[in-house]
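> Build me a structure from this.
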Amino acid sequence: MERIVVAYSGGLDTSVAIRWLAEQYGAEIVSVTLDIGQGRELADVRERALALGAIRAHVIDAREEFVRDYLLPALQAGALYEDRYPLATALARPLVARRLVEVAQMERATAVAHGCRGKGNDQIRLDVSARALDPSIKVIAPARMWDMSPAQTLEYARQRDLAVPPAMADSAYSIDANLWGRSIECGVLEDPWAEPPEDIYRLTRAPQDGPDEPAYVEIGFEAGVPVTANGIAMSMLELIESLDTIAGSHGVGRIDMVENRLIGIKSREVYEAPAALVLHTAHRELERFVMARDLERLKHDLGRTYADLVYNGLWFSQTREAIDAFVRTIQPRVTGSVRLKLFKGDCRVVGRTSPFALYDQALATYDAGDAFDRSATEGFIKIWGLPIETAARKAAKHSAQVGR
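Predicted structure coming up:
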């Protein structure tokens with residue numbers, strides 16, 4: 001009998017997919033669920049998968065792996081899609097694909113499956129990643145094949161007495177969550193003019209309802225890795241959880257954007273990512289502080305490329321590996337601390353220090369102790385402006401000749 005391994009999120013589509021695949025393929029179904037920071041949503045996921053018809057249900061704690069192998073490299077690369085989205089959902093997909101393929105190999109399955117529909121980015125990320133890891137693997141996307149609307153999918157579940165939690169049936173939104181943030185789409189959010197309702201948010205307080213006194217957070221880095229918050233040593237996982245609480249309570253971390261999907265359409269997305277926003281802000285500021293201008297700009301451009309690769313499902317590519325190698329050569333100097341002020345939805349850098357800082361107060365100051373050699377300035381300006389001066393002189397000469 002054929003065996004199929006399903007990436008089971010606990011949502012409507014993957015719940016129905018377990019039964020649909022068994023019926024369509026006459027196959028044994030094995031489910032895989034990763035804990036990557038969804039929280040209590042996973043409390044009964046194993047029992048639900050087995051009740052839906054899976055012969056085995058693997059639930060894997062992958063939080064540390066997610067932080068170490070995916071979130072940290074993306075943070076160090078400065079990966080923000082279209083300069084705003086910290087890629088919470090996109091970064092999780094190659095990890096899901098890796099574990100899906102590994103379990104399929106262990107279970108001697110002939111195929112893997114996921115719950116993505118035919119319009120989003122995740123189908124591309126999971127399909128491409130799974131085949132990059134095992135080119136011989138068969139990838140099935142039931143929701144892309146069965147041609148049912150969400151309402152019809154729910155009716156399918158009811159006709160077969162499949163247990164669907166009320167919250168899942170009643171939700172007007174499509175939501176994905178992990179350690180790095182929440183992604184919310186559909187419902188009223190499909191109108192790009194409509195303001196997002198407050199009830200979609202879970203990690204962030206409305207900025208106007210935040211405390212009337214700001215919070216100051218000092219993030220310490222060692223070789224590009226965030227290791228302390230306000231002087232307290234923490235793992236990056238602990239730091240993310242703490243910053244979600246602190247920044248979220250001050251309304252920091254909301255992103256409302258219309259982004260360009262790889263599939264060729266523009267989509268309105270709302271994200272909550274308090275910790276990701278704070279850490280990206282701090283890490284980039286520290287890089288600016290310790291890098292020469294040309295290197296910092298090159299690094300920023302590569303960060304944009306890195307974000308595109310992640311968003312477009314190309315995590316398992318030589319280009320991403322090459323950028324990672326470049327980024328690793330820079331990180332040892334990204335050591336120091338950045339102080340941020342969190343207030344009413346605003347996250348602002350208000351201080352930075354590093355033993356590798358290229359800032360020299362003796363050169364920058366206008367007060368006593370100024371060590372800048374002004375005598376070199378006139379010659380520098382002359383040489384720097386020589387091409388423009390030459391072009392202007394030639395243009396003036398040409399105009400004079402034409403005017404005769």
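
> per-residue confidence averaged over the helix or strand containing Asp176?
When elements are defined using DSSP states H and E, Asp176 is found to belong to strand 174-178. Confidence over strand 174-178 (mean pLDDT, whole number) is 92.

> same check, this time on stretch 225-238
According to the model, stretch 225-238 has a mean pLDDT of 98.

> Grab the nearest non-local neighbour of the spatially most central residue of the chain.
Nearest to the mean C-alpha position of the chain, counting by CA atoms, centre = their mean, stands Leu87 at 1.8 Å. With CB to CB, 6 or more residues apart in numbering as the measure, Val310 is the residue that lies nearest to Leu87, at 5.2 Å, once sequence neighbours are left out. All C-beta atoms are positioned from the backbone trio N, CA, C, and that covers glycine.

> Count the residues that sit near that neighbour.
Here the number of neighbours of Val310 (other CB atoms under 10 Å) works out to 24.

> next one: Ala163
Per other CB under 10 Å, the neighbour tally for Ala163 reads 11.

> same question, Tyr201
The number of residues near Tyr201, taken as other CB under 10 Å, comes to 18.

> Could I get the contacting residues of Ala113?
By CB atoms under 8 Å, 6 or more residues apart in numbering, the residues touching Ala113 are Ile4, Val5, Val6, Ala7, Ala17, Leu21, Val139, Ile140, Ala141, Pro142.

> how about 10 Å then?
The contact partners of Ala113, by CB atoms under 10 Å, 6 or more residues apart in numbering, come to 4-8, 14, 17-18, 20-21, 25, 27, 29, 31, 100, 104, 126, 130, 138-143.

> What sits closest to Gly224 if chain neighbours are left out?
When the adjacent residues along the chain are set aside, Gly224 lies closest to Gln331, with 3.2 Å between them (CB to CB, 6+ apart).

> the domain parsing of the protein - what is it?
The chain is divided into the following domains under automatic domain parsing: 3-70+79-172, 177-353, 362-403.

> chain center to the shortest one: distance?
This points to domain 362-403. Mean-position distance between domain 362-403 and its chain equals 44 Å (CA atoms, centre = their mean, to the nearest Å).

> what residue ranges in the stretch 101-250 of the chain are flagged as low confidence?
Within the stretch 101-250 of the chain, the ranges that satisfy pLDDT under 70 run 165-171.

> one more time with 80, if that's ok
Low-confidence segments of the stretch 101-250 of the chain, defined by pLDDT under 80: 163-172.

> Show me where it has its strands.
Secondary structure of the stretch 101-250 of the chain (DSSP state E, counting those that start in this stretch): strands at 111-113, 138-140, 174-178, 181-185, 215-222, 225-229, 232-233.

> is it possible to export these to TSV including distance to Ala357?
Formatted as TSV, the entries for those read as follows, by distance: least, CB to CB, whole Å:
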stretch	distance to Ala357
strand 111-113	48
strand 138-140	49
strand 174-178	34
strand 181-185	30
strand 215-222	13
strand 225-229	18
strand 232-233	22
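
> And the helices in the stretch 201-350 of the chain, which stretches?
In order along the chain, the stretch 201-350 of the chain carries the following helices (DSSP state H, counting those that start in this stretch): 236-249, 274-290, 293-311, 318-330.

> How about the stretch 51-200 of the chain?
For the stretch 51-200 of the chain, the helices defined by DSSP H, counting those that start in this stretch occupy 63-66, 72-77, 88-107, 122-133, 142-145, 150-159, 166-170.

> Show me what the fifth one is packed up against.
In terms of contacts (3 or more CB pairs under 10 Å, 6 or more residues apart in numbering; DSSP states H and E), helix 142-145 is packed against helix 12-25, helix 122-133, helix 150-159.

> Now it: buried residues?
Applying a neighbour-count criterion of 16 or more other CB atoms under 10 Å, one finds Pro142, Ala143, Arg144 buried in helix 142-145.

> ok, back up a step: selecting buried members of the contacts of Ala113 in PyMOL, what would you type?
A single PyMOL command is used to select the members of the contacts of Ala113 judged buried by 16+ other CB under 10 Å:
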select buried, resi 4+5+6+7+8+14+17+18+20+21+25+27+29+31+100+104+126+130+139+140+141+142+143
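
> Ranking the helices of the stretch 201-350 of the chain by mean neighbour count, which comes first?
Highest mean neighbour count among these (mean count of other CB atoms under 10 Å): helix 274-290, with a mean of 23.

> What is the distance between that one and the centre of its chain?
On the basis of CA atoms, centre = their mean, helix 274-290 sits 14 Å off its chain's mean C-alpha point.

> pLDDT of that helix, averaged?
For helix 274-290, mean pLDDT is 98.

> report the angle between the axes of that helix and strand 215-222?
With axes from the mean of the first three to the mean of the last three CA atoms, to 10 degrees as the basis, helix 274-290 and strand 215-222 are set at 60 degrees to each other.

> Alpha carbons of helix 274-290, as CSV, please.
What follows is the C-alpha trace of helix 274-290 in CSV, where atoms were taken according to Å, rounded to 0.1, in the frame of the first residue of the first chain:
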residue,chain,number,x,y,z
PRO,A,274,7.8,42.6,17.3
ALA,A,275,11.0,40.7,18.1
ALA,A,276,12.0,40.4,14.4
LEU,A,277,11.6,44.1,13.9
VAL,A,278,13.6,45.1,17.0
LEU,A,279,16.4,42.6,16.2
HIS,A,280,16.6,43.6,12.5
THR,A,281,16.7,47.3,13.5
ALA,A,282,19.5,46.7,16.1
HIS,A,283,21.6,44.4,13.9
ARG,A,284,21.6,46.7,10.9
GLU,A,285,22.4,49.7,13.0
LEU,A,286,25.4,47.9,14.5
GLU,A,287,26.6,46.8,11.0
ARG,A,288,26.4,50.4,9.9
PHE,A,289,28.5,51.4,12.9
VAL,A,290,31.3,49.0,12.2
